[in-house]
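Trainee: what follows is a predicted structure for the sequence shown.
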Amino acid sequence: MIFILFLSISYGQKIKVLNVGTFHMAGTTDARKVEFDVNDKNRIEETNEIARMLAQFKPTVICVEVVPSENEGINLDYSKFITDPNHKANYKGEIELIAYQVGKLAGVKRIYGIDEQATASYNYFIWKELQDQVDSLTSINYMKAAFKGFDEVDELPSTISKIKLMNTKEYWEASINVNADILTHNATQGNFEGADEAAKFYRRNLRIYSNLNQIPLSENDRVFILMGATHTAFLNEFIKRSPKYELIDLTDYLK
């Protein structure tokens, strides 16, 4: 009876969210990266086409992988990008090539950084560095298989095909496993070394979600989020259960 009651609760109109994962186009310190030349004219044209398709979502707010303390700086940079065709953007890669372009095409007034770095440092490599583990084979075997899957991204011929793959359920689940859940198998007897490292990554992504929730939004807003695909995977899990937001299918726009 209680379960049925909760299902019947109405929260009013939800805010539509287009949550898109990408690789970092201007380089990254992440353990894995996709090769991408930001000066290649063909790649630039590809990102322009992606931006044109995503702009059809008609966002009113854009969120990117920048910490909130940089909001003033990124909005100044974005404003110059919109008004001055000769401006060289300070925020490179996918922010300039996709987020700024989507914003310009859709008439977005403001960009928000929602990243969180205070809890960003964790030992991702504990799965192979921890000594005397109760079970090391589960992580090792999973990682080997997952890395082969992630290598498929590099092998795809176009930027749009890479982004499409990075926004599939299978890719998101593998990203969460590789970066967090699989580490729970790495522990010495009676301890939680891997789980504690995974918790740090969960904490970072929960704080990213909290940053999103602190943005002043109305039910008429439409939010476009562009972040590294692993953050997208976590945000999808949080957003899909939210009473406030409605996730929009990327395939409605990225053809």
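Mentor: Everything's here; your move.

Trainee: show me where the stretch 101-250 of the chain has its strands.
Mentor: Under the criterion DSSP state E, counting those that start in this stretch, the stretch 101-250 of the chain contains strands at 111-113, 222-228, 245-247.

Trainee: which stretch among those comes nearest K164?
Mentor: Closest to K164 of the strands of the stretch 101-250 of the chain is strand 222-228 (CB to CB; 14.6 Å). Bear in mind the C-beta positions are built from the backbone N, C-alpha and C, glycine included.

Trainee: show me what that closest one is packed against.
Mentor: On a contact count with 3 or more CB pairs under 8 Å, 6 or more residues apart in numbering; DSSP states H and E, strand 222-228 meets strand 15-22, strand 61-64, helix 101-106, helix 193-213, helix 229-239.

Trainee: again, only using 6 Å
Mentor: Counting contacts by 3 or more CB pairs under 6 Å, 6 or more residues apart in numbering; DSSP states H and E, strand 222-228 is packed against strand 15-22, strand 61-64.

Trainee: any idea of the mean pLDDT in that strand?
Mentor: Across strand 222-228, the average pLDDT comes to 98.

Trainee: so how far is it from its chain's centroid?
Mentor: 8 Å (CA atoms, centre = their mean, to the nearest Å).

Trainee: same question for stretch 246-255.
Mentor: On CA atoms, centre = their mean, the centre of stretch 246-255 falls 15 Å from that of its chain.

Trainee: list the buried ones in it?
Mentor: 248, 250, 253-254 (16 or more other CB atoms under 10 Å).

Trainee: can you put the residues you listed in CSV and add pLDDT and distance to M166?
Mentor: Converted to CSV, the buried residues of stretch 246-255 look like this (pLDDT from 0 to 100; distance: CB to CB, whole Å):
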residue, pLDDT, distance to M166
I248, 98, 17
L250, 97, 10
Y253, 97, 15
L254, 93, 11
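
Trainee: right, I'll leave it there.
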